[in-house]
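*Asks:* Okay, predicted coordinates and the sequence, questions at the end:
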Amino acid sequence: MRVRIDKNLCAGNGLCEEYCPTVFKVDIAEGKANIIGLGEAALGKDIASVHQPNQKETWEVPKNLTQCVQNAELACPTMCIYIDQ
């Protein structure tokens with residue numbers, strides 16, 4: 001499964017981060033959600049960097065995080081999270 005965020009639709013309300021904080025992080029200054037280092041999150045490492053993918057860039061979701069990513073997608077009021085199976 002792969003995930004991406006359409007930044008043009010993102011309102012930065014933080015529900016994705018609430019549902020799946022190991023994958024999503026809202027940048028307060030930007031007011032948009034970002035995908036954080038999925039590989040490091042899967043390994044349980046401290047995540048210091050935030051990745052800001054472009055509109056078409058997707059990230060592979062580790063199996064242990066698929067449920068929280070799906071929950072975040074369903075909770076997003078602007079439907080800016082896209083999952084590709």
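*Replies:* Happy to help now that I have it.
*Asks:* What is the lengthiest helix in the chain packed up against?
*Replies:* Looking across the chain with DSSP state H, the single longest helix is helix 66-75. Counting contacts by 3 or more CB pairs under 8 Å, 6 or more residues apart in numbering; DSSP states H and E, helix 66-75 packs against helix 15-19, strand 81-84. From N, CA and C alone the C-beta is placed, and that goes for glycine too.
*Asks:* Pick the most deeply packed of those.
*Replies:* Highest mean neighbour count among the helices and strands packed on helix 66-75 (mean count of other CB atoms under 10 Å): helix 15-19, with a mean of 20.
*Asks:* What is that one packed up against?
*Replies:* strand 24-27, helix 66-75.
*Asks:* would JSON lines of these with distance to Asn34, mean pLDDT and mean neighbour count be doable?
*Replies:* What follows is the helices and strands packed on helix 15-19, written out as JSON lines (distance: least, CB to CB, whole Å; pLDDT from 0 to 100; neighbours: other CB atoms under 10 Å):
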{"stretch": "strand 24-27", "distance to Asn34": "5", "mean pLDDT": "90", "mean neighbour count": "19"}
{"stretch": "helix 66-75", "distance to Asn34": "13", "mean pLDDT": "96", "mean neighbour count": "17"}
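*Asks:* now those as CSV including distance to Ile81?
*Replies:* Below are these laid out as CSV (distance: least, CB to CB, whole Å):
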stretch, distance to Ile81
strand 24-27, 8
helix 66-75, 4
